[in-house]
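*Asks:* sequence? don't have it. structure:
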């Protein structure tokens, strides 16, 4: 079975959590389709490495820092809010600060990035 072929030449994309895993795979596919990809991640070395691999632009950004995320301007046609993390714990043992951190990364940051991308 063949995959979907699409030409994204001239399009600009940004992918959060793109230094590894699914985000990296998405960034690679978008670049292979011709998009100029901004690789967003908090891991500086990996962000730069992936950006170099796909001839993209690295953007080292801690998505838990809402003030910095809010100041991040994105001029893109495609935004993939992929960054995420997981913590497994009993509710009564779950650290409220960890819960707040997860919400900043996986709820507030995507909202702010999306808002900035369409502004």
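*Replies:* Good, I have the coordinates. All values derive from a computational prediction rather than experimental measurement. Numbering: from 1, shown residues only.

*Asks:* rest of the way, CA atoms for contacts and neighbours
*Replies:* Fine.

*Asks:* For this protein, just list every one of the strands.
*Replies:* Taking DSSP state E to define them, one finds strands in the chain at 12-16, 36-41, 57-60, 78-80.

*Asks:* What lies in contact with the last one?
*Replies:* Residues lying outside strand 78-80 but in contact with it, judged by Cα atoms under 8 Å, 6 or more residues apart in numbering, are 11-16, 114, 117.

*Asks:* Quick check: ChimeraX command selecting the buried ones in these.
*Replies:* Under the burial definition 16 or more other Cα atoms under 10 Å, those of the contacts of strand 78-80 that qualify are selected in ChimeraX by:
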select :11,12,13,14,15,16,114,117
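
*Asks:* So what's the residue count around the closest residue to residue 48 other than its chain neighbours?
*Replies:* Counting by Cα to Cα, 6 or more residues apart in numbering, residue 48 lies nearest to residue 58, which is 5.4 Å off, once chain neighbours are set aside. Neighbourhood size, residue 58 [other Cα atoms under 10 Å]: 23.

*Asks:* wait, what's in contact with residue 58?
*Replies:* 38-40, 47-48, 50-51.

*Asks:* swap the cut-off to 7 Å and go again
*Replies:* With contact taken as Cα atoms under 7 Å, 6 or more residues apart in numbering, residue 58 is in contact with 38-40, 47-48, 51.

*Asks:* tell me the pLDDT at the spatially most central residue of the chain?
*Replies:* For the chain, the residue lying nearest the average C-alpha position, counting by Cα atoms, centre = their mean, turns out to be residue 16 (0.2 Å). What the model reports as pLDDT for residue 16 is 98.

*Asks:* right, and it touches residue 42 too?
*Replies:* No - with contacts defined as Cα atoms under 7 Å, residue 16 does not count as touching residue 42, sitting 9.2 Å away.
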